[in-house]
Structures are given as C-alpha cells and as structure tokens.
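Chemist: Below are the sequence and a predicted model for it; my questions follow.
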Amino acid sequence: MSVNPEEIDRIWKEADCLLSKDQVERAIDELAGKVEARLEKSNPIILSVMKGGLVFTSKLMMRLSFPVELDYIHVTRYGFGLTGNELQWKVTPQDGLEGRTVLIVDDILDEGQTLAAIVAACEAQGAGEVLSAVLVDKKHDRKADPTFKADFTGMEVEDRFIFGYGMDYKGYLRNAAGIYAVKEN
C-alpha cells in the first residue's frame, strides 16, 4: 500500500488529543505497580506484540524492579489498513514457554481477536500462566467475546481510530507522545 505523506501530515495536524503524554505516563505508572505486585516473584517472560506493543513494553519494563525475560511475537490483523482482517502470524515466540508465567504486552484491545488468539497460542505451548496487559481498551460493543478482558489495562478510550504511543495510522505516527484520534468528518 502506498502511503501519501501529505495524508499523514494532515491526519497528524487535524488529530484530536484524547490523552496527553502526562496522562499516559501516569496510567503506565499505575499499571506497572499492579503488574509488579502480581508478578514480581513469578520469573515472568514478557512477550511484546510487534509493532504496536513496542513502546508500551519498553515503558512498562523500565518501571519493573524485578528481573524479566523479554521476547516478542508479531501477529497482526491490520497491517497498514484501517480495519481488521485475517489474523497473520509473522513471528511466534522464540523462547520456551512451557511452565512459565507469560505476560503478553500489546498496545490496544479493540475487538479482542488478536489478543485472544495469542493467549490461546501461549497456552497451547504449555505456558503455566498467561496474563495480558494493554495500554488502551477501546470502549464499544463489537468485542469478539464480550467477557474477554486484559488482566491489566492502562486506560479506556472512545471508539475512534487512534494512534500514538506505538499505535499507528497506516504505519506512521507511532511516535506521537500522547493518544490521538483521527479527526471525524
């Protein structure tokens, strides 16, 4: 897909700031405290979901005061599109998960299909316990399984197309320091 630089620039300039950098950082602080209390004695392996989970994983890990092992996976439903498609596994966990406590770290829980599939894959690989942390949970009634929730959630956001803190718009704007929504027409 060809991306028009003028479109990206327009999206960035017109975006609505939903959560400032300070608000996001405070939410990560709170979430890290909960993760630490729950996992500090469990020798966890953190699986960062690429590419969106990269920023959040980095910010979260630097707030944890106990040793963690890090790996990554790359699975997507969006690619450079704006709507979800078929689940695509690009990289599976490289480290053994058998008997381990696994913390899956992702940017967003939207419909939940991707995160649920990752949890199921980790369980199938013999993980002892699988937990999930997401920076944002999008509020809407289109969840694949309305009962599926992340174990740790930083913030809830309205049902708009968002970017920043690792989340992208057509592969761009992951570096936005805050959570932004594409301007509605």
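Modeler: Perfect, thanks for sending it.
Chemist: all contacts plus neighbour counts: C-alpha atoms, from now on.
Modeler: Fine.
Chemist: Output the contacting helices and strands for the helix or strand of the chain with the lowest mean pLDDT.
Modeler: Averaged element by element with mean pLDDT, DSSP states H and E, the chain has its least confident helix or strand at strand 88-91 (a mean of 80). Judged by 3 or more CA pairs under 8 Å, 6 or more residues apart in numbering; DSSP states H and E, strand 88-91 is in contact with strand 69-76.
Chemist: roughly how far is the strand it packs on from the heart of the chain?
Modeler: From the chain centre to the centre of strand 69-76 is a distance of 11 Å (CA atoms, centre = their mean, to the nearest Å).
Chemist: For it, name the packing helices and strands.
Modeler: strand 45-50, strand 88-91.
Chemist: State the mean pLDDT of stretch 131-140.
Modeler: Here stretch 131-140 scores 96 as its mean pLDDT.
Chemist: do the same with stretch 3-18
Modeler: Average pLDDT, stretch 3-18: 95.
Chemist: Now find how far off-centre it is within its chain.
Modeler: For stretch 3-18, the distance to the chain centre is 21 Å (CA atoms, centre = their mean).
Chemist: in its sheet, what does whichever helix or strand comes after the least confident helix or strand of the chain sit against?
Modeler: Downstream of strand 88-91, the next assigned helix or strand under DSSP states H and E is strand 101-109. Its sheet considered, strand 101-109 pairs with strand 45-50 (parallel), strand 129-138 (parallel) by DSSP bridges.
Chemist: Quickly note the distance from the closest residue to Phe66 other than its chain neighbours to Arg160.
Modeler: Closest residue to Phe66 apart from its sequence neighbours, by CA to CA, 6 or more residues apart in numbering: Glu40 at 5.9 Å. Counting by CA to CA, to the nearest Å, the separation of Glu40 from Arg160 is 35 Å.
Chemist: Tyr169: how many residues sit nearby?
Modeler: A total of 20 residues lie near Tyr169 under the criterion other CA atoms under 10 Å.
Chemist: shouldn't it be in contact with Arg160?
Modeler: No - Tyr169 is beyond contact range of Arg160, at 12.0 Å (criterion: CA atoms under 8 Å).
Chemist: what's in contact with the top helix by length along the chain?
Modeler: Taking DSSP state H as the criterion, the chain has its longest helix at helix 21-39. Helix 21-39 is contacted by residues 59-60, 63-66, 135, 152-155, 177-179 when judged by CA atoms under 8 Å, 6 or more residues apart in numbering.
Chemist: ok, Ile118 - contacts?
Modeler: Ile104.
Chemist: Mind listing what's buried along the helix or strand harbouring it?
Modeler: Using DSSP H and E, Ile118 maps to helix 113-124. Within helix 113-124, the residues that qualify as buried are 113-116, 118-119, 122-123, counting by 16 or more other CA atoms under 10 Å.
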